[in-house]
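Enquirer: the following block contains a protein sequence and its predicted model.
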Amino acid sequence: MAKSKAREYVWMQCTECNDLNYRTNVRVQGGVPKLELNKFCSRERKVTKHKLKRK
């Protein structure tokens with residue numbers, strides 16, 4: 001039995017410097033969630049908000 005394509009890889013983009021720092025997978029079945037997390041930005045060297053960015 002094959003795996004379902006219900007998940008896809010997305011990037012987490014910093015809201016201050018617009019750098020793509022993290023890659024994660026999310027469930028896209030039923031729509032992509034509006035995800036916003038506090039993550040460490042290596043360019044800013046501080047914790048900033050990161051939003052979901054699909055490529």
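Expert: Looks like it came in fine.
Enquirer: so how far is Leu35 from the spatially most central residue of the chain?
Expert: Nearest to the geometric centre of the chain sits Met12, at 3.0 Å (Cα atoms, centre = their mean). Met12 sits 8 Å away from Leu35, going by Cβ to Cβ, to the nearest Å. Just so you know, the C-beta spots here come from the backbone N, C-alpha and C atoms, and that holds for glycine as well.
Enquirer: and for the two, which residues touch both?
Expert: Taking Cβ atoms under 8 Å, 6 or more residues apart in numbering as the contact rule, the neighbours common to Met12 and Leu35 are Lys51, Leu52.
Enquirer: follow-up on the earlier one: note down every partner strand of the helix or strand hosting the residue nearest to the centre of the chain and its orientation.
Expert: According to DSSP states H and E, Met12 maps onto strand 7-14. In the sheet, strand 7-14 lines up against strand 20-27 (antiparallel), strand 46-53 (antiparallel) (DSSP bridges).
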